[in-house]
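Enquirer: Sharing a sequence plus its predicted fold:
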Amino acid sequence: MQNSYPTVAYFSMEFGLNSDFKIYAGGLGILAGDYLKAAKDNMLPVIGIGIKWKQGYVEQHIDKDGKIVDSFYNNEYGFLKDTGVKVDVKIRERDVWCKVWKVDCFENSELYLLDTDLPENSDRWITGQLYGWFEEERIAQEMVLGIGGIRALRALKKNVDIFHFNEGHAVFAGFELIKEKKERGYNPYDAWNESRKQIVFTTHTPVIEGNEFHGLNILEYMGAFNGLDRYLVREIGGDPFNMTAAGLRLSKKSNAVSVLHGRIANDMWKSVDRRSEIISITNGVHLGTWGDKKIIEANERGENLWDYHMNNKEKLIDFIYEEKDVKLDKDKLLIGFARRAAPYKRGDLIFTDEERIAPLLKNGDIQIIISSKAHPLDFTGKEIIKHILGIEKKYPNSVVFLDNYNMKKADLLTKGVDVWLNNPRVTKEACGTSGMKAAINGVLNLSTLDGWWPEACWDEVTGWQIGGGFVSDDIKEQDRNDAASLYDVLFNKVLKTYYNDRKKWTEMMVASINAMVNRYSGDRMIKEYYEKLYR
Ligand SMILES: *Cc1c(COP(=O)(O)O)cnc(C)c1O
């Protein structure tokens, strides 16, 4: 039975498996981690290929003077097992040796990580920082992941049926598959076509500038052509070479990560000739990691969920007290917002019209916890954090900023707040998964109709929509519309239900869990990948 499932090698720049294993930055990595865990739960033959990041992603703290401080630490992980395998990738004409580690402490996954931090390398730092530094380093990292990853699988003697590229970072793996076939006597086009039969691709970024591209000259200089002719590289990725377009042209089938994102992606990439079809497979979350067993089981037994929820809320409030020395009120509405500080996510939208919300922050009827992290070079993102810090200073008992957003904080928040706020500019969020974590724990979503939410929102039943799906080329207009709607829904629906109609609130919690717990699970997601993408 088991043998009838194709074996999949899943390539990803990051994997979010647990909070302290710092080889992830955000949503892309969490998805990859949840996917691997779901694979193992369902006994599906998936092999993860990633990178052992020495310093991982930035650790970001706010110091006593309110300054944002970025730090990087070297990490060592005792649970990594040396496979004894080392593979060689030629980068800038130099041999770069990549040691292959097996992640051995997560019995729930089979994952191999490549590592260039070896004495015999002159370029030890390639696997130093996740999304760190500049273009040459990024290309080198992607060569390690893609070319090194295929060579690692060969050296480990793994039989792989499908190569799955999670985002464009892995497309050089496609070059290595083509090269292998050329060496077996195929002409370049046949080698490309044969390789396509083995490759599938997931695209994530619906913002055109967010899709990585490189000039052909720098790729050639780095050695990324990997023996392929320049004209072939250009036909695959264009000039400049677009990593997403390349993924679409190297694969037999691709997917976007929500229904809405599928529509956006098909439109965005419609001019890419010879590309694979883009279908939609909405993300899911690993229930064993993100679901609160107690509340989910109580819901199955038909019990009142309020006390279970209050336990989670108190746990979060205690955590905040320890971290920040602020005691939030468990009987007052608690809103959570936690995300990368990317401008389109609008982490400070709720403070647009400070005068309107100020009285409720002063009397504590609205309490907000915001957690975030900005990429070290994202100065606009850092401005958003500074704005929030200013607001926190003014309303210290009801606005809390938690720095260094990570999986542990995400876990506490998506269980312990009452409402999960999400307000990206519509069409900019491919999917979003933190809202799913909240939904399965009975935390009600209050969100613009972006990413997964249009599929799951039944207004005033499973949560609330804001903004009515409004999109405008004038982002000021879009922001004005959404802020006004946010205040309207918050004041007239959310607050009223919370303070005056506890019965309706708990019914909504039940509806949220019932509607989402299976539909947005990692189990559903991986089964869909097997049914729709891999066959
Ligand atoms: C779940 C999670 C994410 C992804 O959530 P979004 O809704 O896409 O922002 C990002 N970071 C962490 C730490 C998470 O746990």
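Expert: Structure's in. What do you need? Numbers count the residues shown, from 1 in each chain.
Enquirer: where do the strands sit along the stretch 301-450 of the chain?
Expert: For the stretch 301-450 of the chain, strands defined by DSSP state E, counting those that start in this stretch occupy the ranges 333-340, 366-373, 399-402, 419-422, 444-448.
Enquirer: Would you mind naming what in the stretch 251-400 of the chain lies close to the ligand?
Expert: residue 339 (C-beta under 6 Å from any ligand atom). Bear in mind the C-beta positions are built from the backbone N, C-alpha and C, glycine included.
Enquirer: Pick out the residue of the stretch 251-400 of the chain closest to the ligand.
Expert: When scored by C-beta to the nearest ligand atom, the stretch 251-400 of the chain has residue 339 as its residue closest to the ligand, at 4.4 Å.
Enquirer: OK, contacts around that residue?
Expert: 345, 347, 372, 405, 422, 434 (C-beta atoms under 8 Å, 6 or more residues apart in numbering).
Enquirer: 6 Å - rerun?
Expert: residue 345 (C-beta atoms under 6 Å, 6 or more residues apart in numbering).
Enquirer: for it, which residues make a bridge with it?
Expert: On the basis of DSSP bridges, residue 339 is bridged to residue 372.
Enquirer: Just give the nearest non-adjacent residue to the residue of the stretch 51-200 of the chain found nearest the ligand, would you?
Expert: In the stretch 51-200 of the chain, the residue that lies nearest the ligand is residue 57 (10.1 Å; C-beta to the nearest ligand atom). For residue 57, ignoring the flanking residues on the chain, the nearest one in space by C-beta to C-beta, 6 or more residues apart in numbering is residue 25 at 4.0 Å.
Enquirer: And residue 245, by the same measure?
Expert: Closest to residue 245 by C-beta to C-beta, 6+ apart is residue 272, at 4.9 Å.
Enquirer: Which of the helices or strands spans that neighbour?
Expert: Assessed by DSSP states H and E, residue 272 sits outside every helix and strand.
Enquirer: Per-residue confidence at it, what does it come out as?
Expert: pLDDT for residue 272: 96.
Enquirer: ok, now the one 4 residues further on?
Expert: Model confidence at residue 276, expressed as pLDDT, equals 98.
Enquirer: What about the closest residue in space to residue 13 that isn't next to it in sequence, how many residues nearby?
Expert: Among residues not flanking residue 13 along the chain, residue 169 sits closest, at 4.3 Å (C-beta to C-beta, 6+ apart). Residues within reach of residue 169, counting by other C-beta atoms under 10 Å, total 23.
Enquirer: Could the C-alpha coordinates of the lengthiest strand in the chain be exported in CSV?
Expert: Secondary structure assigned by DSSP state E gives strand 80-91 as the longest strand of the chain. C-alpha atoms of strand 80-91 as CSV (Å, rounded to 0.1, in the frame of the first residue of the first chain):
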residue,chain,number,x,y,z
LEU,A,80,21.9,16.4,14.7
LYS,A,81,23.3,13.2,13.4
ASP,A,82,26.3,13.1,11.1
THR,A,83,25.4,11.0,8.0
GLY,A,84,29.1,10.8,7.0
VAL,A,85,28.1,12.2,3.6
LYS,A,86,29.8,15.3,2.1
VAL,A,87,29.0,16.7,-1.3
ASP,A,88,30.9,19.2,-3.4
VAL,A,89,29.4,22.2,-5.2
LYS,A,90,31.5,24.5,-7.3
ILE,A,91,30.7,28.1,-6.3
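Enquirer: now it, how far from the chain's geometric center?
Expert: 27 Å (C-alpha atoms, centre = their mean, to the nearest Å).
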